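*Asks:* After the sequence you'll find the predicted model.
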Amino acid sequence: MRYLIVLLSLVISVSSVSAQILSEREQSRVVDEILNERFNVLLPQLMDRTGIDMWVVISREYNEDPVLKTMLPSTWLSARRTTMLVFYRNAEKNQIEKLAIARYNVGESIKASWDMKKFPDQWDALKDIIVQRNPKKIGINTSVDYGHADGLDHTHHGMLMKALPEALRTRVVSAEPLAVAWLETRTEREMQIYPKLVKISHDIIAEGFSAKVITPGVTTTDDLVWWFRQKVTSMGLETWFHPSVAIQRNDTANFEHLRSFSDRPKGDVVRPGDLLHVDFGITYLRLNTDVQQHAYVLRPGETDAPASLKKAFANGNRLQDILTSQFNTGRTGNEMLLSALSQAKSEGIVPSIYTHPLGLHGHAAGPTIGMWDMQQGVPGSGDYRLYPRTAYSIELNASTFIPEWGKEIRIMLEEDGFYDGSTFYYIGGRQQKMHLVKYF
């Protein structure tokens, strides 16, 4: 009987989420339109900003450079053989060339530029394109601080350097600043789409954290995790990480980061009086969300969460406000982290901040603003500066003592936001009240 109840409670109702998902064909059209805008409008600006006038991106099929995967047309699911792309920016003429050393165009924007009769060897064709344009800086995807920008493999690095004339080898530089800028900068079209992604994410969480799905005494945290996974799949979406659901309650267990993030009990049965937490995100139109929210399971006779839990939740919201008030162009992730932690502690909040960029990846490139085990600053990616038109998962927690439980709890929040160069705002709002699960 228990399993029948669980099965019924986890039946998927796709229509309950209001947002309409585009067909695969329409998604393909939108992805390619966005990609063309990024190549033709955004990329020249970023190349001018970083001073890299040629960007060479080389990748092998099934060993794709993370940057290259964001440049492939919607109908390409991987690189083909050895894929070579060259972007050349002539700022004086306000021109940008987008070339593929390939037999065929790479989408609509990148034109095939390999004369196989003249250059049977692909590397000779690449060399000729570079020599003819005589760039000042040749950016390649190597990076110490960002895996996203370190996609040129060892073999191809050696082959490229061997192919180049000695005079051009000295002009080869890391394309890290350009690669990170490409990944982190959002276009107008992307920011028209992003609110829809966040709304879908919020709606799914609201449905999962409701009596429609949860039956106290029956439903387990693992049931909820798989409900979220199935919900995403049934809607024709994808997730970039496995969701997680955890419980804090009036017991002797204390919060512990490794237990919370990687070693959660899978079979915890949800009970009245529990504080639930979910970490959840989706991928749609090549963009990602990353959201953490809380729910309280009402006990018989209750109409709201206890005042102590509401106060703890307010501390979490206040910590969000403190952090996002630090967003100013040119500040590093570490500067924002340390300033926010200092202010929070001065207000009596016990903070932990581990905020990250968001966009074409879930844990994306850009300024890292703390890690849960690096609250003094993050060398490398934490020293990267804040730029306009960038998105972030405001991820953090605030610890508060709950007298009736005799212990501290953590309000662990994560909401997706955007910095436009002067103002930070939450793309689809943020949770300011706990979801309430009323089952009686």
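*Replies:* Right, received. Where do you want to start? Numbers count the residues shown, from 1 in each chain.

*Asks:* For the rest of this, base every contact and every neighbour count on C-alpha atoms.
*Replies:* Will do.

*Asks:* ok, and what's touching stretch 313-333?
*Replies:* Residues outside stretch 313-333 that contact it (C-alpha atoms under 8 Å, 6 or more residues apart in numbering) are 336-337, 339-340, 343-344, 349, 351, 367-370, 381-388, 394, 396-398, 400, 411-413, 419, 421-424, 432-434.

*Asks:* Where in this structure is the helix or strand with the lowest mean pLDDT?
*Replies:* helix 2-9 (a mean of 44; mean pLDDT, DSSP states H and E).

*Asks:* burial measure for the residue lying closest to residue 142 once chain neighbours are set aside, as a count.
*Replies:* The shortest distance from residue 142 to any non-neighbouring residue, by C-alpha to C-alpha, 6 or more residues apart in numbering, is to residue 150 (4.1 Å). Using other C-alpha atoms under 10 Å, residue 150 has 20 neighbouring residues.

*Asks:* Verify the contact between residue 150 and residue 144 for me.
*Replies:* Yes: taking C-alpha atoms under 8 Å as the definition, residue 150 is a contact partner of residue 144 at 7.4 Å.

*Asks:* Chain neighbours aside, what residue packs nearest to residue 55?
*Replies:* Spatial nearest neighbour of residue 55, chain neighbours left out: residue 139 (4.7 Å); criterion: C-alpha to C-alpha, 6+ apart.

*Asks:* Quick check: that neighbour is in a strand.
*Replies:* Yes: under DSSP: H, G, I helix; E, B strand; the rest coil, residue 139 sits within a strand.

*Asks:* ok, now how distant is it from residue 395?
*Replies:* Applying C-alpha to C-alpha, to the nearest Å, the value for residue 139 to residue 395 is 32 Å.

*Asks:* same question, residue 161
*Replies:* In this view, residue 161 and residue 395 are 41 Å apart by C-alpha to C-alpha.

*Asks:* For those two, work out which one has more neighbours and name it.
*Replies:* Under the criterion of other C-alpha under 10 Å, the comparison of residue 161 against residue 395 puts residue 395 first, with 24 against 15.

*Asks:* Name the SS class of the more buried one, please.
*Replies:* Following three-state DSSP, residue 395 is assigned to strand.

*Asks:* which residues does it contact?
*Replies:* By C-alpha under 8 Å, 6+ apart, the neighbours of residue 395 are 292, 353-356, 412-415.

*Asks:* Quickly list what it is bridged to.
*Replies:* Following DSSP bridges, residue 395 is listed with bridge partners residue 414.

*Asks:* ditto for the one 4 residues further on
*Replies:* Under the criterion DSSP bridges, residue 399 forms beta bridges with residue 350, residue 410.

*Asks:* my read: it touches residue 411, true?
*Replies:* Yes: counting by C-alpha under 8 Å, residue 399 touches residue 411, with 6.5 Å between them.

*Asks:* which residues make contact with whatever helix or strand residue 196 lives in from outside it?
*Replies:* In this structure, residue 196 sits in helix 188-208 according to DSSP states H and E. The contact list for helix 188-208, computed with C-alpha under 8 Å, 6+ apart, reads 16-19, 34, 213-214, 224, 227-228, 231, 278, 280-282, 284, 287-289, 291, 293, 416, 427-428, 435.

*Asks:* Please, a ChimeraX command that selects the buried ones among the contacts of stretch 313-333?
*Replies:* Only the buried entries of the contacts of stretch 313-333 go into this ChimeraX selection, using 16 or more other C-alpha atoms under 10 Å:
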select :336,337,340,344,349,351,367,368,369,370,381,382,383,384,385,386,387,388,394,396,397,398,400,411,412,413,419,424,434
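
*Asks:* Average pLDDT for stretch 226-245, rounded please.
*Replies:* For stretch 226-245, mean pLDDT rounds to 96.

*Asks:* brain fart, stretch 121-135
*Replies:* On average, stretch 121-135 scores 97.

*Asks:* what's next to it, contact-wise?
*Replies:* Identification of contacts with stretch 121-135 by C-alpha under 8 Å, 6+ apart yields 53-54, 84, 88, 101-102, 114-116, 119, 159-160, 163-164, 168, 171.
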